[in-house]
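>>> 3D, please:
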Amino acid sequence: MSLFERIDTICLNVSNVEEASIWYQDVLGFNESFKGDNYRILTIGTSEVPLTIESGIVKSSHSQVYPIFFTKDIENTYEILKGNSVTVSELQNDGMNKFFDLYDLDGNKLQVCYWE
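Next comes the predicted model:
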């Protein structure tokens, strides 16, 4: 029996909650579902796990946990983000998955994947 029912949220520290919320909405298409004093809760498509952005110290993205977002049209998503001047890695294919990294305004690493 599991001690937990679900993952409730994924949290990322950002230097400016208001600017970050606008970026996640305008650039990635997220929706702001709750606005707290020092945090925002953002919903993503049909996912039941929201992203919470919190005011805090932003650490190097090389050693932190990061969310991976799924898309059915990774090539189009990649081109849209590049066209919106989002910092992205090269689109990679390991034979089973296609994926790429992207970075928010504070340099937080995020990843996008597609698999069948």
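
>>> After the lengthiest helix in the chain, which helix or strand is next? Please name it.
Secondary structure of the chain read by DSSP state H shows that its longest helix is helix 17-28. Following helix 17-28 in sequence order, the next helix or strand is strand 31-35 (DSSP states H and E).

>>> Next SSE downstream of that next one?
Taking DSSP H and E, what comes next after strand 31-35 is strand 39-43.

>>> relative to strand 31-35, how tilted is that following strand?
Orientation note: strand 39-43 sits at an angle of 150 degrees relative to strand 31-35 (axes from the mean of the first three to the mean of the last three C-alpha atoms, to 10 degrees).

>>> Name the SS class of residue 77, please.
helix (DSSP: H, G, I helix; E, B strand; the rest coil).

>>> Look at the closest residue to it other than its chain neighbours and say how many residues are nearby.
Nearest in space to residue 77, with sequence neighbours left out and distances taken as C-beta to C-beta, 6 or more residues apart in numbering, is residue 71 at 4.7 Å. C-beta: built from backbone N, CA, C; applies to glycine. Neighbourhood size, residue 71 [other C-beta atoms under 10 Å]: 14.
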